[in-house]
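*Asks:* Predicted model, plus sequence, below.
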Amino acid sequence: MYPSLTSLFFLLFVILQRMGFKNADIVLSTPGLLSISLMSLSILFAFGAIASVIVLYRWRMRKIAKTIYWPMVVLSFLHLLVAAYLVYFGVIPMMSWA
C-alpha cells in the first residue's frame, strides 16, 4: 500500500509542478493553493518513501508471495533514491542546521 501511495504523491507532485511552470514567477512566488500543494506533496513523498521501506522491512518475515514482496521492495528503494535526489537538489525542502 505504501509504495503505491508514494507513487501517487509523486505523480501528483509532477502534474502540479508542470501546471505551475506556465506562470512560475507569479504562481509559485506567493503562498497559494498550488505552491502549498507542491510543498506538501513533496514532503509527503519523502515521508512515504521512508515509511514504505520501514513497513516492508518489518514485513520481511511474514508469509507474503515473493511475486508481490520483491517488486514492492525494489519500488520502495527507488522511491527512497528519488527522494534523496530531490532533497539533495533542494526540490524537497529540508532545513539542516549542521
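*Replies:* Good, I have the coordinates.
*Asks:* can you pull the pLDDT of the spatially most central residue of the chain?
*Replies:* Residue closest to the mean C-alpha point of the chain, counted by C-alpha atoms, centre = their mean, is residue 45 at 2.0 Å. In this model, residue 45 is scored at 87, pLDDT.
*Asks:* what about it, distance to residue 65?
*Replies:* 27 Å (C-beta to C-beta, to the nearest Å). C-beta: built from backbone N, CA, C; applies to glycine.
*Asks:* circling back: I figured the residue nearest to the centre of the chain hits residue 91, correct?
*Replies:* No - at 9.7 Å, residue 45 does not count as touching residue 91 under the criterion of C-beta atoms under 8 Å.
*Asks:* immediately after the lowest-mean-pLDDT helix or strand in the chain, which helix or strand?
*Replies:* Within the chain, confidence by mean pLDDT, DSSP states H and E is lowest for helix 24-27 among all helices and strands, at a mean of 70. Sequence order places helix 33-58 as the next helix or strand after helix 24-27, per DSSP states H and E.
*Asks:* Which positions in that next one come out as buried?
*Replies:* Residues of helix 33-58 classed as buried: 34, 37-38, 41-42, 44-46, 48-53, 56 (neighbour count, 16 or more other C-beta atoms under 10 Å).
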